[in-house]
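Visitor: from the sequence below, what's the structure:
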Amino acid sequence: MNNSVTKFLNEIKVLDLSGHYSGDLTSMFLSDFGALVFKYINKFDDISYSENNFWNRNKNIIHIDFDNELYFQRIRSDLKDAHILIHDYQYDTDEYKNILSLIENNRNEDLIVCHISAFPINSELKHELMIDDLVLARAGEMMVLPGHGKGPKYLMHPVTSVGCGINSATAIITALISNHISSKKIKSINTTLMGGLLLYASNPYQGDKWRDFASPTGGAPFYSNYKCSDGYLQIACIHSGFVEKAAIAIGIPEILVDPKYEIGGGKPATGGFRIEDPALRQELYDNIAKIMITKTCSEWSEIFEESDVPYAKINNINEALQDEQIIHNKLVYRNGESTNIGQFIDFEPGTNIANNTKSYKRNDFQLPLEGFKALEVTNVIAGPVSGRILANLGVEVIKMEPPGGEISRPFEVGYFQNLNRNKNAVCINTKTEKGKSLAQELIKTVDIYVENMRPGASERVGYGKAALEKLNPTIVQTHIAAYGNDGPYVHRPGLDPIAQSITGLQSIQGGNAAPVFLGMLAPTDFTAGGMAALGTVAGLYNKITNETGSIINTNLLAGGILLNGSKINNYLNNKDNVKFINKDQNGISDFNRAYKASDGWFYIYKNSDDSQELYVKLSSLFNKKIQSVLELELCFEGYKIESIIEKLKDSDIHICKVNDPTVDEYDFLLNPVTWDQVIDTNDHPSLISLEIAHNMHGFGLDNVDIPNYPKLGEHNFYYLSQLGYSKEDLNKFESEGILNSES
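Guide: Okay, the predicted model is just below:
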């Protein structure tokens, strides 16, 4: 990745008063795009802050006493010419009221305020503290995470903060765009940790389908991790073609014709996402495991490399930092004696067209990016996530698919149906000359092009980077790859499990035990998709302010390094990383973990180094001597959750129930955490669809109905008629195999 600062936001002044990691990441992204960021740090609470932390790069760090009047005088002065204010003050506290007063008395008409909170400030949980683990517990995420042992699993990776940081930066730049072209202004934004989680959590809440990924090894025998003689290796065969290659490479081709491994139509059920019979699934996994253990990771890597099977060795942090593709991408790089984490989104300026006659000016809008149009050529998760976010911000997204539809359309876990809502669909065979020509005509009409094909595929069908710039000079072109655009792994098939392995996510989530594959969470996919949307809106801002095109690149490895960033940062600075407190992976300390009560699980959080003082406090509250975690576990098991919450309500120990989506009475739609953020109007039986526009980016706008996902080629005539083609032309194109559509 290019680690020079992009200067597209260089006229934007940002004041970051946040104290949470999500705010740090928000202003980091803005700084990477060239904004002038002033980061305020309370000098009496800055022991963990260092200008060497990657999230503080290129920022102006101001150490100041937040309780001193000079602080408010400084903020009052800086607000006069600031464009963005980021804060995460607790709702309705004195600090919140003070900053609100400063904002209200400020006469800066250009100011946009981004308030980051745990939950929306118009929800019943608006007073909750910014504690990631409690958000995960309330939302039910801990109960659907795979792992070792029993009970809820602690998530080592800060998806809530990372998701919130991406969402916040996206919302801020979106507001800048909207305010630049509209007389109606967006003045305030509310982004949340819960919204950050919902960037990822459109998958675990899909009926009972999550159970296929409850295993820490993976979801299917050819989509799992395996122990080799000297380490662990991940294979990720997402479709039957890869399964066939893997079965032959491993030496078990007979399963490909074994009737017990077939589903309707005689297709192998050994790949993709599931074998329905759990006993059969385990049997096949065990048989493969017996073979995998006989060779080293290097030996299997050579075999799978030759066979074009998606694979990766599962790295620890040190191995991730030495990985040749990560180094090639400059996701980590040397600067003198230090090792640094690089940028996660690469941004190149395109062509400048002076006196461009196209105008985006408007008086009113329902969604902030109305008036922009995108062509999306993507599949599975990362690309569709990016397009879905853009669509729900108001972009008119045209999803272009090949004749059989994109690869995830037939999947039965709701991926396609959820991630492709609010889009229009055309189906064009770009392997034909006329199909290629039609795609190029469409490209000339859009503002944005998003793709996540393997590097080189776009060039082969006639819309690579150079061709795009020639067809549409000011287009914002966004490219999402598994490994990057070039480098030692670029020829390999790449998927989320592979990126999890290379960047160390699986190893860290496994703790001291075997690695844990985070299947339904798909962390690198969703992170890369979110970053692609963020990069795209930055490109749009560049387009409307500078009349210039942009080329945005990000990849799944960048998503993995971002998620692992704080732990890598600790490792590079010789700081200890947190570890699981027990073999069941229920938390990371006696007072930051899940406990079992008589009627379920709950989570407690207290940031304190003095556990003995806390034991004394709990002994008093429960009227019994408690001196160890074992005694605390026994104590809690004798009470119901409601009773424990009542006893702790006046203490400074934070507590909440760990909600469980797997039990019959749990209803995600009625959960107070999410009831005001979710709609359920999708006809897919395993899907609860998340309305992304208003739960990830709160602009204070009225909700807009979100259309269902489109049928294959549903909008062929709508778009091709705009290019001058008649109904007769379309019928001819369909008969010639140039177009396709569902009846």
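
Visitor: in stretch 240-259, what's buried?
Guide: By neighbour count with 16 or more other C-beta atoms under 10 Å, stretch 240-259 contains the buried residues S240, F242, V243, E244, K245, A246, A247, A249, I250, I252, I255. Every residue, glycine included, has its C-beta placed from N, CA and C.

Visitor: grab the nearest non-local neighbour of the fourth one.
Guide: What sits nearest to E244 in space, not counting adjacent residues and going by C-beta to C-beta, 6 or more residues apart in numbering, is L256, at 5.9 Å.

Visitor: that neighbour and I248, how far apart?
Guide: Separation of L256 from I248 (C-beta to C-beta, to the nearest Å) stands at 8 Å.

Visitor: do the same with C237
Guide: Taken as C-beta to C-beta, the span from C237 to I248 is 12 Å.

Visitor: for K732, helix, strand, or coil?
Guide: Using DSSP: H, G, I helix; E, B strand; the rest coil, the structure places K732 in helix.

Visitor: ditto for the one 5 residues further on
Guide: What three-state DSSP gives for G737 is coil.

Visitor: tell me who's in contact with the nearest residue in space to it that is not next to it in sequence.
Guide: Spatially, and ignoring its direct neighbours in sequence, G737 is nearest to N429 (5.8 Å; C-beta to C-beta, 6+ apart). For N429, the contact set (C-beta atoms under 8 Å, 6 or more residues apart in numbering) comprises P402, P403, G435, G737, I738, L739, N740.

Visitor: most neighbours, which of these?
Guide: Of all these, the highest neighbour tally under other C-beta atoms under 10 Å goes to L739, namely 26 neighbours.

Visitor: for that one, give me its contacts.
Guide: V426, C427, I428, N429, G435, G713, N716, L720, L730, F733.

Visitor: which of those lies closest to F33?
Guide: V426 (31.7 Å; C-beta to C-beta).

Visitor: my guess is D133 contacts F602. True?
Guide: No: applying C-beta atoms under 8 Å as the test, D133 and F602 come out as separate, 11.9 Å apart.

Visitor: T26: which element?
Guide: helix 21-32 (DSSP states H and E).

Visitor: tilt between the helix or strand that that helix is followed by and helix 21-32?
Guide: Using DSSP H and E, the helix or strand that follows helix 21-32 in sequence is strand 36-42. Comparing the axes of strand 36-42 and helix 21-32 via axes from the mean of the first three to the mean of the last three C-alpha atoms, to 10 degrees yields an angle of 150 degrees.

Visitor: other SSEs contacting strand 36-42?
Guide: strand 13-16, helix 21-32, strand 60-64, helix 69-78 (3 or more C-beta pairs under 8 Å, 6 or more residues apart in numbering; DSSP states H and E).

Visitor: need these in CSV (columns: mean neighbour count).
Guide: Converted to CSV, those look like this (neighbours: other C-beta atoms under 10 Å):
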stretch, mean neighbour count
strand 13-16, 24
helix 21-32, 26
strand 60-64, 15
helix 69-78, 14
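
Visitor: mind putting these into JSON lines with distance to G549 and mean pLDDT?
Guide: Output for the helices and strands packed on strand 36-42, formatted as JSON lines (distance: least, C-beta to C-beta, whole Å; pLDDT from 0 to 100):
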{"stretch": "strand 13-16", "distance to G549": "25", "mean pLDDT": "97"}
{"stretch": "helix 21-32", "distance to G549": "19", "mean pLDDT": "97"}
{"stretch": "strand 60-64", "distance to G549": "30", "mean pLDDT": "91"}
{"stretch": "helix 69-78", "distance to G549": "34", "mean pLDDT": "90"}
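
Visitor: to D609, which of the ones you listed lies closest?
Guide: helix 21-32 (19.6 Å).

Visitor: and the angle for that closest one with strand 60-64?
Guide: 140 degrees.

Visitor: how far does helix 21-32 sit from its chain's centre?
Guide: With C-alpha atoms, centre = their mean, to the nearest Å as the basis, helix 21-32 stands 15 Å off its chain's centre.

Visitor: show me what it packs onto, helices and strands only.
Guide: Against helix 21-32 (3+ C-beta pairs under 8 Å, 6+ apart) you get strand 13-16, strand 36-42, strand 84-87, strand 112-117, helix 159-181.

Visitor: ok, 7 Å please
Guide: strand 13-16, strand 36-42, strand 84-87, helix 159-181 (3 or more C-beta pairs under 7 Å, 6 or more residues apart in numbering; DSSP states H and E).
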